[in-house]
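Enquirer: give me coordinates for this.
(one chain, ligands or ions: 1)
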Amino acid sequence: MARAPLLRIGKLCKSFAAPVLTDIDLAFDTGEIVALTGENGAGKSTLSKLIAGLISPDSGEMLLGGERFSPRSRVDAERSGVRMVLQELSLVGTLSVAENLQLGAIPHRFGFIDRDAMNARARAQLALLGLDSIDPELPVSELGIGQQQLVEIARGLSGDVKLLILDEPTAMLTAREVEELFRQLALLRGRGVTIVYISHRLDELQRIADRVVVLRDGRLACDRAMAEVSHDEIVRMMVGHDVHEDEDRPRRASGRELLRVANFSGGLVRDASLAVHAGEILGLAGLVGSGRTELLRLIFGADQKSTGDLWLGGRPARIRNPTDAVAQGVGLLTEDRKSQGLLLGQALAMNLTIAHLSTVSRKGWIDGGGEERTAQQWKQRLRIRSKDSAQHVDELSGGNQQKVLFARWLHRDCQVLLLDEPTRGVDIGARADIYAELDALAKAGKALLVVSSDLRELMTLCDRIAVMSAGTLVQTFERGEWTEQALLAAAFSAYAQTMNMATDKAAS
Ligand SMILES: Nc1ncnc2c1ncn2[C@@H]1O[C@H](COP(=O)(O)OP(=O)(O)OP(=O)(O)O)[C@@H](O)[C@H]1O
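Expert: A predicted model of the protein is given here:
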């Protein structure tokens, strides 16, 4: 007799202003990894939030282990063994790793926090993901962003977990951390945990998942064994057409120098020098934590440099803060869209135009009609999905939020654009759209400096790639010169040197 699935979903529907999920029928078996994918705004997070009790369906039903399952809150779902790790980090930076792991259930003894018990429990939780090297007493803010993401996942593993939903879990992880996560997920599957894995990275899905579920416009477009479907078929089911990315195009012709930095130091960054010319895209590769984001922030004036000189358009310039940067034609698309970029409680239109208010205001007053026309134009051009341009950005899907930030800087029409992980959380079709926009910007004579953890992305987009390692710019490659292996070797080089020095010292 066939075993009943762990979770069965029948005719599930959810609308906000418009239908977001329609008649979803699905079943998840015990101990399988299911890939959940689809375009930005297709309804993946909404489906997961329904399962995890964060929101309630309008109609339809769920059965968990054969019993009716209608969680009224996240805690309610967690009591039944259903947990979700959200796309955005929700850790409290000032609290320790252990405190974050046990928020809401911190052990007490004689009325005082029992730190030994708390740290011991935290160590056991971290060990579940092979994170034995993380000190549970460290404040979370002192961990790199990849490690914070892993702590967030470890938190999802506390208690008795039957079903674990991971929303874009690898967006901020290094290749090594991804491997470790995959190893641990395979172990969890072996122990009978069902894992729903949401991602736009199809290569990862193909490696890890047993089954693939594709949502398209809130409906089920595919539910098949992963081994039966090809990469191209999944893309077609997601976006409705083929998507091609061209890694072999020639180098763009570049013009005069628009940005030069010399001997920049500050934070992690040491003595960094580079130049970007009109019409070219310079990539910044390196491991997570190598100082790429920090370098962009120093250039933009978001962090203060200790040394360094800067030239814009060939002239010496000073950028003391982001306002200075924007006034001088320099924009920064941030990696952490929630804390550093988006105005969450504000309308999409406002978020789009905030960096260039003079285009939508007259005599100091916002021209509502102009703002609306501008917003419509960008919505169409980047295919941003929202009810209307008054919708608050926190109601948009993650990928659509990213497109709003990108549109903001396109609208600002900067001469120099710094982009940190520009396609994070963006679906495959939209990614190709963003590549085309970046290409058009370069062809229009802008200078672009792009940080990405995805080497294939840099190899597709860039004319040159500079590699950072442990805070230093170690090598720059021209298009045609690089290989994936050479870029990786450069990214590891400064760490390898430090290790060799430490080994030599220990030996002598
Ligand atoms: N609280 C809300 N209020 C109004 N609309 C919402 C709300 N939450 C989600 N939506 C809408 O539901 C649709 C589906 O969003 P959802 O976040 O589920 O998409 P997704 O497939 O997870 O996208 P992504 O890949 O970008 O994360 C979007 O159009 C979004 O604007």
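Enquirer: which residues touch whichever strand or helix holds residue 234?
Expert: Applying DSSP states H and E as the criterion places residue 234 in helix 231-239. Contact with helix 231-239 is made by 37-39, 42, 202-203, 205-206, 212, 214, 216, 221-222, 242-243, 427-429, as judged by Cβ atoms under 8 Å, 6 or more residues apart in numbering. For glycine as for every other residue, the C-beta is placed from the backbone atoms N, C-alpha and C.
Enquirer: and the residues you listed near the ligand, which?
Expert: Restricting these to those near the ligand by Cβ under 6 Å from any ligand atom leaves 38, 42, 427.
Enquirer: the last one: how many residues sit nearby?
Expert: For residue 427, the neighbour count with other Cβ atoms under 10 Å is 24.
Enquirer: test my guess that it contacts residue 198.
Expert: No: counting by Cβ atoms under 8 Å, residue 427 does not reach residue 198; the two are 11.3 Å apart.
Enquirer: so, low pLDDT: which residues of the chain?
Expert: Along the chain, the model assigns pLDDT under 70 to residues 1-3, 87-89, 103-114, 241-248, 336-340, 355-364, 366-367, 495-508.
Enquirer: mind giving me the domain ranges of it?
Expert: Structural domains assigned to the chain are 7-239, 250-329+414-508, 340-413, following automatic domain parsing.
Enquirer: what's the PyMOL line that selects buried ones from the contacts of helix 231-239?
Expert: Selection command for PyMOL covering only the buried members of the contacts of helix 231-239, criterion 16 or more other Cβ atoms under 10 Å:
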select buried, resi 37+38+39+42+202+205+206+212+214+216+221+222+243+427+428+429
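Enquirer: which ones among the contacts of helix 231-239 map onto strands?
Expert: Those of those mapping onto strands are 37-38, 212, 214, 216, 221-222, per DSSP state E.
Enquirer: now distance to residue 276 too, for those, in a markdown table please.
Expert: Output for these, formatted as a markdown table (distance: Cβ to Cβ, whole Å):
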| residue | distance to residue 276 |
| --- | --- |
| 37 | 34 |
| 38 | 35 |
| 212 | 40 |
| 214 | 39 |
| 216 | 39 |
| 221 | 41 |
| 222 | 42 |
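Enquirer: do you know how far residue 441 is from residue 27?
Expert: Distance from residue 441 to residue 27, counting by Cβ to Cβ, to the nearest Å: 46 Å.
Enquirer: the two - which one has more neighbours?
Expert: residue 441 (20 against 14).
Enquirer: wasn't the more buried one part of a helix?
Expert: Yes: looking at residue 441 with DSSP: H, G, I helix; E, B strand; the rest coil, it is inside a helix.
Enquirer: residues contacting it?
Expert: Here residue 441 is in contact with 410, 417, 448 (Cβ under 8 Å, 6+ apart).
Enquirer: if we go to 10 Å?
Expert: Contacts here follow Cβ atoms under 10 Å, 6 or more residues apart in numbering; on that basis residue 441 touches 279, 281, 409-410, 413-414, 417, 419, 447-448.
Enquirer: what's the most distant pair in the residues you listed?
Expert: Greatest spacing in these, by Cβ to Cβ: 279 and 409 (17.6 Å).
Enquirer: need the residues of the protein near the ligand, please.
Expert: Looking at the ligand, the residues of the chain close enough under Cβ under 6 Å from any ligand atom are 16, 20, 38, 40-46, 385-386, 395-400, 425, 427.
Enquirer: thinking again about what came up before, closest one to the ligand out of the ones in strands among the contacts of helix 231-239, please.
Expert: Taking Cβ to the nearest ligand atom as the measure, the ligand lies nearest residue 38 of the ones in strands among the contacts of helix 231-239, at 5.4 Å.
Enquirer: contacting residues for residue 46?
Expert: By Cβ under 10 Å, 6+ apart, the contact list for residue 46 reads 12, 14-16, 20-21, 24, 54-55, 57, 215, 218, 397.
Enquirer: which of the residues you listed count as buried?
Expert: Buried members of these, scored by 16+ other Cβ under 10 Å, are 12, 14, 20-21, 24, 54-55, 57, 215, 218, 397.
Enquirer: what's the helix or strand where residue 380 lies packed up against?
Expert: Residue 380 belongs to helix 368-381 when elements are defined using DSSP H and E. Contacts defined by 3 or more Cβ pairs under 10 Å, 6 or more residues apart in numbering; DSSP states H and E place helix 368-381 against helix 348-353, strand 361-362, helix 398-412.
Enquirer: these into TSV, with extra columns for mean neighbour count?
Expert: Supplementary listing: the helices and strands packed on helix 368-381 in TSV, determined by neighbours: other Cβ atoms under 10 Å:
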stretch	mean neighbour count
helix 348-353	25
strand 361-362	12
helix 398-412	23
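Enquirer: quick one: closest of those to residue 370.
Expert: Across these, residue 370 has its closest neighbour in strand 361-362 (7.8 Å, Cβ to Cβ).
Enquirer: quick one: which of the contacts of residue 441 is most hemmed in?
Expert: Neighbour counts for the contacts of residue 441 (other Cβ under 10 Å) peak at residue 447, which has 29 neighbours.
Enquirer: hmm, that residue is touching residue 259, no?
Expert: Yes: assessed by Cβ atoms under 10 Å, residue 447 is found in contact with residue 259 at 5.4 Å.
Enquirer: shared neighbours of those two, anything?
Expert: Joint contacts of residue 447 and residue 259 (Cβ under 10 Å, 6+ apart) are 275-278, 282, 312-313, 329-330, 415-418.
Enquirer: and which of those residues is nearest to residue 148?
Expert: Of the shared contacts of residue 447 and residue 259, the one sitting nearest to residue 148 (Cβ to Cβ) turns out to be residue 418, at 22.7 Å.
Enquirer: ok, now how distant is the closest one from residue 117?
Expert: Taken as Cβ to Cβ, the span from residue 418 to residue 117 is 46 Å.
Enquirer: could you do residue 75 as well?
Expert: According to Cβ to Cβ, residue 75 stands 22 Å off from residue 117.
Enquirer: got a list of what residue 23 touches?
Expert: 10-13, 59-60, 218-220.
Enquirer: host element of it?
Expert: Element membership for residue 23 (DSSP H and E) is strand 19-28.
Enquirer: list the pairing partners of that strand within its sheet, with orientation.
Expert: Sheet pairing for strand 19-28, assigned by DSSP bridges, gives strand 7-15 (antiparallel).
Enquirer: list of residues touching the strand it pairs with?
Expert: Here strand 7-15 makes contact (Cβ under 10 Å, 6+ apart) with 19-30, 43, 46-47, 49-51, 55-66, 69, 80, 82, 162-163, 194, 196, 218, 220.
Enquirer: redo that, cut-off 6 Å
Expert: Residues from elsewhere that reach strand 7-15 (Cβ atoms under 6 Å, 6 or more residues apart in numbering): 20-28, 46, 57-64.
Enquirer: what's the answer for stretch 28-43, then?
Expert: Residues from elsewhere that reach stretch 28-43 (Cβ under 6 Å, 6+ apart): 5-7, 20-21, 44, 189, 192, 194-198, 205, 208-216, 218, 238-239, 385, 397, 399-400, 427, 430.
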